[in-house]
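A.B. asks: Would you be able to build a 3D model of this:
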Amino acid sequence: MKKINTLLSLSLLSTLLIACGGGGGGSSSSSSNNTQENEQKYSNVNASYYVLSRQSNDTSYTMSHEITYVNGLQPANVNYHTVVPENEFILSPEGLYTDTWAEASTKAKTETQLIFSQVSGASYTQNLKKVNLSGSSILETVYAGYIPFYEIAESEAAIDGNEWLLDVFNRFGYEAWQTHYSSNLATFPSDAICYQTNSIDTAQDYFTFTSDDRKESSYSNYLADYSERLLAAAETLEHTITQSNGSWAGYKWTRFDESDQFGYITSVVVIDYQGHAYTAKVSLQSQDREEALDVLQARLASGKLSSIEEIKVAVRIRQILDGCDFYNKSAFDAIKSSGIL
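C.D. replies: The predicted structure follows:
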């Protein structure tokens with residue numbers, strides 16, 4: 001009988017940056033061939049971390065995953081895999097993955113320093129901050145960052161005719177919030193702990209894209225047109241574009257990093273695959289929590305953002321300050337019992 005877990009790509013890009021990066025999921029299964037059985041003790045971490053996640057179209061969290069360490073290593077009978085569906089792609093320096101699975105792994109250097117590798121040759125260290133949740137609202141912790149949407153929605157005029165906000169409310173279940181979530185007063189018990197991300201140190205990033213990212217043009221033709229349009233738009237906005245290029249496993253790519261006067265905004269990669277250009281996302285980038293907050297707060301105070309951009313930035317700030325990436329068992333059990341999932 002197989003034991004199924006999931007190793008998530010817990011990227012800061014989903015909470016610290018205005019533009020989100022992509023990442024892979026994964027699963028694990030029992031294996032007597034696990035090489036971890038022969039490794040010496042890595043650290044004294046013997047603990048489980050719980051992660052909440054959702055399908056892309058879900059209005060609330062519907063899945064949870066447990067990551068367990070024994071002496072800092074994944075259990076001897078568990079192998080982690082990053083599953084790459086048929087129409088999705090991961091490109092790393094060591095190869096291109098699609099319709100397959102790739103070896104993945106995780107280690108705990110300390111209780112607050114976890115190391116993940118989603119594909120061979122691409123890894124990152126997630127540096128965490130331990131937070132005591134005793135007495136805190138379960139709802140406002142789990143859904144940190146979404147709450148400003150619902151607060152804004154108290155005024156119908158705030159979203160009238162605004163397709164972006166209407167889409168957000170539809171996807172995250174405004175009616176459910178009004179009828180159930182907003183009256184949920186459950187709090188965490190005294191031994192509940194969560195972990196926030198202080199920083200991510202990336203040893204090697206990788207790129208992710210899907211079949212929907214395919215362009216009709218060839219790599220060279222699309223690249224020339226895209227570069228021209230991007231640089232023109234950046235000049236108008238007074239943004240800076242940094243360009244780099246390379247080739248991994250025989251696949252050429254060109255990367256564009258965009259920043260403004262406050263700091264980094266986003267990255268786009270153009271990849272040459274099967275005679276066509278594909279646009280891709282950078283999976284992970286090194287990032288620091290305090291630096292990200294400084295950038296977002298400066299951007300918010302600049303007076304240069306549209307009303308929608310201000311809302312997006314305010315939400316990111318709220319997620320960084322109040323959101324959690326991992327929970328201990330006490331906190332996880334309280335979340336399940338609260339009825340908000």
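A.B. asks: Following element in sequence after the lowest-mean-pLDDT helix or strand in the chain, please.
C.D. replies: Ranked by mean pLDDT, DSSP states H and E, the weakest helix or strand in the chain is strand 27-29, scoring a mean of 40. Counting by DSSP states H and E, the next helix or strand C-terminal to strand 27-29 is strand 47-53.
A.B. asks: Now that next one: average pLDDT?
C.D. replies: Averaging pLDDT along strand 47-53 gives 92.
A.B. asks: Look up how far Asn328 lies from the residue nearest to Ser53 when sequence neighbours are not counted.
C.D. replies: Nearest non-adjacent residue to Ser53, counting by C-beta to C-beta, 6 or more residues apart in numbering: Met63, 4.8 Å away. Placement of C-beta: from N, CA and C, glycine included. As judged by C-beta to C-beta, to the nearest Å, Met63 and Asn328 stand 18 Å apart.
A.B. asks: same deal with Leu133?
C.D. replies: For Leu133, the distance to Asn328 - C-beta to C-beta - is 9 Å.
A.B. asks: Looking at the two, which is more packed in?
C.D. replies: Comparing Leu133 with Asn328 by other C-beta atoms under 10 Å, the one with more neighbours is Leu133, at 23 against 18.
A.B. asks: Name all residues that make contact with the more buried one.
C.D. replies: Thr141, Phe188, Ala192, Ile193, Cys194, Cys324, Ala331 (C-beta atoms under 8 Å, 6 or more residues apart in numbering).
A.B. asks: Looking at those residues, point me to the pair that's furthest apart.
C.D. replies: Thr141 and Ile193 (11.6 Å; C-beta to C-beta).
A.B. asks: any chance of the contacts of Leu133 in CSV, with distance to His81, neighbour count and secondary structure too?
C.D. replies: As requested, the contacts of Leu133 are exported to CSV (distance: C-beta to C-beta, whole Å; neighbours: other C-beta atoms under 10 Å; DSSP: H, G, I helix; E, B strand; the rest coil):
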residue, distance to His81, neighbour count, secondary structure
Thr141, 30, 22, helix
Phe188, 33, 22, coil
Ala192, 31, 24, coil
Ile193, 28, 20, strand
Cys194, 27, 25, strand
Cys324, 26, 24, coil
Ala331, 27, 27, helix
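A.B. asks: Format those as TSV; extra columns: distance to His276 and pLDDT.
C.D. replies: Below are these laid out as TSV (distance: C-beta to C-beta, whole Å; pLDDT from 0 to 100):
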residue	distance to His276	pLDDT
Thr141	44	89
Phe188	50	96
Ala192	50	98
Ile193	48	98
Cys194	43	97
Cys324	40	94
Ala331	46	97
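A.B. asks: tell me which element Ser117 falls in.
C.D. replies: Secondary-structure assignment from DSSP H and E places Ser117 in strand 113-119.
A.B. asks: That should have said Asn221, apologies.
C.D. replies: With DSSP H and E as the test, Asn221 turns up in helix 219-237.
A.B. asks: With Tyr80 instead?
C.D. replies: Assigned by DSSP H and E, Tyr80 falls in strand 79-84.
A.B. asks: Output that strand as PDB, nothing but the C-alphas.
C.D. replies: This file holds the C-alpha atoms of strand 79-84, laid out as PDB (Å, rounded to 0.1, in the frame of the first residue of the first chain):
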ATOM      1  CA  ASN A  79      10.600   9.200  -1.900                       C
ATOM      2  CA  TYR A  80       9.400  12.600  -3.000                       C
ATOM      3  CA  HIS A  81       8.500  13.200  -6.700                       C
ATOM      4  CA  THR A  82       7.600  16.400  -8.600                       C
ATOM      5  CA  VAL A  83       4.800  15.400 -10.900                       C
ATOM      6  CA  VAL A  84       4.800  17.200 -14.300                       C
END
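A.B. asks: Helix or strand next in line after it, which one?
C.D. replies: strand 88-92.
A.B. asks: After that following strand, which helix or strand is next?
C.D. replies: Counting by DSSP H and E, the next helix or strand C-terminal to strand 88-92 is strand 95-97.
A.B. asks: Name every strand pairing with that following strand and say which way it goes.
C.D. replies: Applying DSSP bridges, strand 95-97 is found paired with strand 88-92 (antiparallel).
A.B. asks: where does the protein have low pLDDT?
C.D. replies: Within the chain, the segments meeting pLDDT under 70 span 1-40, 54-62, 146-184.
A.B. asks: how about 80 then?
C.D. replies: 1-41, 53-63, 121, 143, 145-185, 284-285, 307-309, 311-312, 315, 339-341 (pLDDT under 80).
A.B. asks: And the helices in the stretch 101-250 of the chain?
C.D. replies: Under the criterion DSSP state H, counting those that start in this stretch, the stretch 101-250 of the chain contains helices at 138-142, 147-152, 156-159, 163-172, 174-179, 219-237.
A.B. asks: can you tell me how far the residue lying closest to Ser48 once chain neighbours are set aside sits from Ala334?
C.D. replies: The shortest distance from Ser48 to any non-neighbouring residue, by C-beta to C-beta, 6+ apart, is to Thr68 (4.5 Å). Distance of Thr68 to Ala334, computed by C-beta to C-beta: 19 Å.
A.B. asks: Check Glu310 too.
C.D. replies: According to C-beta to C-beta, Glu310 stands 33 Å off from Ala334.
A.B. asks: Show me which of these two is the more surrounded one.
C.D. replies: Applying other C-beta under 10 Å to Glu310 and Ala334 shows that Ala334 carries more neighbours, namely 19 against 15.
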